[in-house]
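1. Got a sequence here, can you model it:
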Amino acid sequence: MRLQLSLSTIFINETFAFQTPHSSLKPVLSVHTSALNGNIYDAWSQDILSTTQSDYTYDDLQMAVCDEEAIAIVLEEFMESEYGKQMFGRHDLPASVGITGSIELVSLEGPMCELALTGKFWHKRETVLGKAAMYINARLPEITSVTVATPEDLEDFQNVIDECTGEIIFVEDKRSPDFNGDRETMEYQGLNPDVRGPFLFGSGGPMIRPA
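-> As a prediction, this is how the structure comes out:
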């Protein structure tokens, strides 16, 4: 199955391969938020780089070195962005409604980067990977492929199999709770819940949408 995304990103099963002119398992790296000099993700995602609304320009977007530390910094920017504050369980509001999801670097082999999605997300897991993959490619054009270990890592539901009979006992929902019913309502209406997200946004940041 192929799903064409923006920034010339092609989703092929569990892999995001980028059409760009550029060309062993390692420990997951972590970068403390205080080490970051601001957050360029929000300016990039809102397309306001090199405008009076942003402290950043397009010259700031591409990182000088492409290595494990650079990818860890990019993921940290993504998770600590205003957008990330509705997606990842490290933040108080998402955590308060059962969102525990996180994204981590597993390995970097040449232009290929493998990530791990852990915990429960309100968003579809392929949405989480897609957002991360596009931002990694924007900051590090040398990265032409962003993957997860197996296609199952991107599935929002998992079959629990009886070891003796091989039959499906039940289907586990890997998503975080639909705490106010919005996700189910939007799906019933034929809408993509990920476009709107789980929270309202006000002057003070994201807020729980009343049930």
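2. where does the chain dip in pLDDT?
-> Residues of the chain meeting the criterion pLDDT under 70: 1-38, 201-211.
3. end to end, how far does stretch 94-110 reach?
-> Stretch 94-110 has its terminal residues 34 Å apart, counting by Cα to Cα, to the nearest Å.
4. Quick check: buried residues in that stretch?
-> 94, 97, 99, 101-105, 107-108 (16 or more other Cβ atoms under 10 Å). C-beta coordinates here come from the backbone N, C-alpha and C atoms, glycine included.
5. For that stretch, which outside residues touch it?
-> If you take Cβ atoms under 8 Å, 6 or more residues apart in numbering as the criterion, stretch 94-110 is touched by 24-26, 28-30, 67-68, 71-72, 75, 78-79, 85-90, 113-122, 128-129, 132, 149, 176-177, 179, 198, 208.
6. still on that earlier bit, name the nearest of the buried residues of stretch 94-110 relative to T165.
-> Lowest distance from T165 to the buried residues of stretch 94-110 (Cβ to Cβ) belongs to G101, with 32.2 Å.
7. Tell me how far the closest one lies from P177.
-> 13 Å (Cβ to Cβ, to the nearest Å).
8. What of K120?
-> K120 is 8 Å from P177, by Cβ to Cβ.
9. Name the residue in these two with the higher neighbour count.
-> Neighbour count, other Cβ atoms under 10 Å: between K120 and P177, K120 has more, with 17 against 12.
10. show me what contacts that one?
-> 89, 98-101, 174-176.
11. Relative to D194, which of those is nearest.
-> Checking the contacts of K120 one by one against D194 (Cβ to Cβ), the nearest turns out to be R175, at 11.2 Å.
12. Quick check: closest non-adjacent residue to that closest one.
-> D156 (5.3 Å; Cβ to Cβ, 6 or more residues apart in numbering).
13. Same question for T144.
-> Excluding the flanking residues, the one nearest T144 by Cβ to Cβ, 6+ apart is P111, at 4.3 Å.
14. Distance check, the most centrally placed residue in the chain against L75.
-> When Cα atoms, centre = their mean is applied to the chain, the residue found nearest the centroid is V128 (2.8 Å). Here the criterion is Cβ to Cβ. By it, V128 lies 11 Å from L75.
15. if we can go back for a sec, between the contacts of K120, which is nearest S45?
-> Ranked by distance to S45 (Cβ to Cβ), these are led by G101 at 18.3 Å.
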